[in-house]
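Participant: Dropping a prediction and its sequence here:
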Amino acid sequence: MRIDVILESNNSPQQVLELGRLAEDVGLGGVWVSNMNDARDPFINFVPLAMQTEHIRLGPIAISPFELHPLKMASSLMTLNEVAGGRAQIVVGAGGGTATAMGLKPTRVVRAVRECVEILKASATGKPVSYHGEIFDVGWYNPAWIQNSPPCLYVGANGPQMLRAAARYADGIMVSDFTIERVRWAREIIDSSLVAAGRTSADFPLNNFWAWHVKDDAAAARREACIWLAVRGTIYPNYIGDILDEDEASIVTDNIQSFIRAYHHKTDRIDGVPDAIIDRIVAACTSASSVAALDVEIERMQQFKATGLTEIALRIYADPAASIRLIGERLVPALAD
């Protein structure tokens, strides 16, 4: 199973370079950054790393065609891919924080994402593109300068409709905060759609955006995990039932604003939710443990792999260099084929 890391979006180009080179040195497969409305441009920020590495893949999560027209997305992505010698990657998504900050209200999102990926694929050929979709149009685009192998085009998909559609046309899929059981559920949907489209699952990447809070001290790991629970998809209504019973899930749903306040104030105090419930959420939807207990997380990753996950993207937080070294030294060998 390929191991990637997701870096803080507000890192400087120099920080991305240093951390990305370290990730390559310790054998990681890819480096990602989330596309945030108040962060540095995720394409430009990767340029120094693209120019000073040889193997590691790199790119943003997730860019919406509603915030950036597919033609302009193609221009940015193919330029990064050229600088990286064919190692660029991207997750195309339907909405996200940037689209929300722009006041956009995406509609027909499954169709929009498909058209965006089709435009990106056509652009990657380096041949003239004339595309007239139901949502997007591209004319007079002739990127004859494109010479490299195509970037890898993932679709960010969590719901069944997007999972089924993306399996038919994307190069891969990235889900977010999926537990082992949820990965199994997604894999069944994806595999049946691959078969229907005449594709095979053997070479179709399935990645999972996963929070990594492994620290020397277990209490510090829990504190960091609690701060970031507001951005874990698992706590929201469509997914909280995966780990809690109905009454417990209602407590979480009724107190979502407490999670959001904890995130904004960078505190591990989540009012209105018993510690026992918080502990179960942290244990189920993040890797939050001490380094001494790392074997528990290695076992979790091996279960992910057995369930059909082919890649995992670990979102790392404080002291990212230490996290990258630990992942490279312990996790990569344990999950090598």
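Facilitator: Structure received.

Participant: could you pull out the helices for the stretch 101-250 of the chain?
Facilitator: Along the stretch 101-250 of the chain, the segments classed as helices by DSSP state H, counting those that start in this stretch run 109-124, 160-169, 180-196, 218-227, 237-240, 246-254.

Participant: Would you mind finding the most buried of the ones you listed?
Facilitator: Ranked by mean neighbour count, these are led by helix 109-124 with a mean of 21 (mean count of other CB atoms under 10 Å). C-beta here means a position set from N, CA and C on the backbone, and glycine is covered the same way.

Participant: Give me the distance from the lowest-mean-pLDDT helix or strand in the chain to the chain's centre.
Facilitator: Counting by mean pLDDT, DSSP states H and E, the chain has its least confident helix or strand at helix 97-101, which shows a mean of 78. Centroid separation between helix 97-101 and its chain, computed with CA atoms, centre = their mean, to the nearest Å, is 16 Å.

Participant: Assign a three-state SS to residue 326, would you?
Facilitator: State at residue 326, reduced to three classes by DSSP: H, G, I helix; E, B strand; the rest coil: helix.

Participant: That one against residue 289, yeah?
Facilitator: No - applying CB atoms under 8 Å, one finds residue 326 not in contact with residue 289, separated by 11.5 Å.

Participant: helices or strands up against whichever strand or helix holds residue 3?
Facilitator: Assigned by DSSP states H and E, residue 3 belongs to strand 2-7. Judged by 3 or more CB pairs under 8 Å, 6 or more residues apart in numbering; DSSP states H and E, strand 2-7 is in contact with helix 13-25, strand 30-34, strand 206-211, strand 311-315, helix 320-326.

Participant: just checking, what packs against the last one?
Facilitator: For helix 320-326, the contact count by 3+ CB pairs under 8 Å, 6+ apart identifies strand 2-7, helix 13-25 as packing neighbours.

Participant: at 6 Å instead, please
Facilitator: In terms of contacts (3 or more CB pairs under 6 Å, 6 or more residues apart in numbering; DSSP states H and E), helix 320-326 is packed against helix 13-25.

Participant: Can you pull out the low-pLDDT segments for the stretch 151-300 of the chain?
Facilitator: The stretch 151-300 of the chain contains no residues with pLDDT under 70.

Participant: Stretch 54-70 spans what distance, first to last residue?
Facilitator: Using CA to CA, to the nearest Å, one end of stretch 54-70 lies 28 Å from the other.

Participant: Contacts for the least confident helix or strand of the chain next, please.
Facilitator: Defining contact as CB atoms under 6 Å, 6 or more residues apart in numbering, one finds that helix 97-101 is touched by 35, 37, 64, 66-67.

Participant: Which one's more surrounded, residue 326 and residue 289?
Facilitator: Taking other CB atoms under 10 Å, residue 326 and residue 289 do not tie; residue 289 has more neighbours (22 against 19).

Participant: Would you enumerate the residues in contact with that one?
Facilitator: Here residue 289 is in contact with 214, 221, 296-297 (criterion: CB under 6 Å, 6+ apart).

Participant: Now for these: which two are most distant?
Facilitator: Within the contacts of residue 289, 221 and 296 form the most distant pair, 11.6 Å apart (CB to CB).

Participant: Direction included, what does the strand holding residue 3 pair against?
Facilitator: Note on strand 2-7: by DSSP bridges, its sheet partners are strand 30-34 (parallel), strand 311-315 (parallel).

Participant: ok, back up a step: pull out the C-alpha coordinates of the least confident helix or strand of the chain and format them as CSV.
Facilitator: Extracted in CSV, the C-alpha atoms of helix 97-101 (Å, rounded to 0.1, in the frame of the first residue of the first chain):
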residue,chain,number,x,y,z
GLY,A,97,-14.3,25.2,1.7
THR,A,98,-13.0,27.4,-1.1
ALA,A,99,-16.2,27.1,-3.1
THR,A,100,-18.2,27.9,0.1
ALA,A,101,-16.1,30.9,0.8
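
Participant: If you count neighbours, what's buried in that helix?
Facilitator: 97-99 (16 or more other CB atoms under 10 Å).

Participant: how about the nearest residue to residue 168, chain neighbours excluded?
Facilitator: Distances taken as CB to CB, 6 or more residues apart in numbering place residue 197 nearest to residue 168, at 4.3 Å, with adjacent residues excluded.

Participant: got the domain boundaries for this protein?
Facilitator: Here the chain is described, according to automatic domain parsing, as comprising the domains 2-217+287-335, 218-286.

Participant: and those, which is most packed in?
Facilitator: domain 2-217+287-335 (a mean of 19).

Participant: before we move on, the earlier item: nearest to residue 249, out of the buried residues of helix 97-101: which one, please.
Facilitator: Residue 249 has its nearest neighbour among those in residue 97, at 24.3 Å by CB to CB.

Participant: quick one: the closest one from residue 306, how far?
Facilitator: 33 Å (CB to CB, to the nearest Å).

Participant: From what I see, residue 164 and residue 191 are in contact.
Facilitator: No - contact status for residue 164 versus residue 191: not in contact, 10.7 Å apart, counting by CB atoms under 6 Å.
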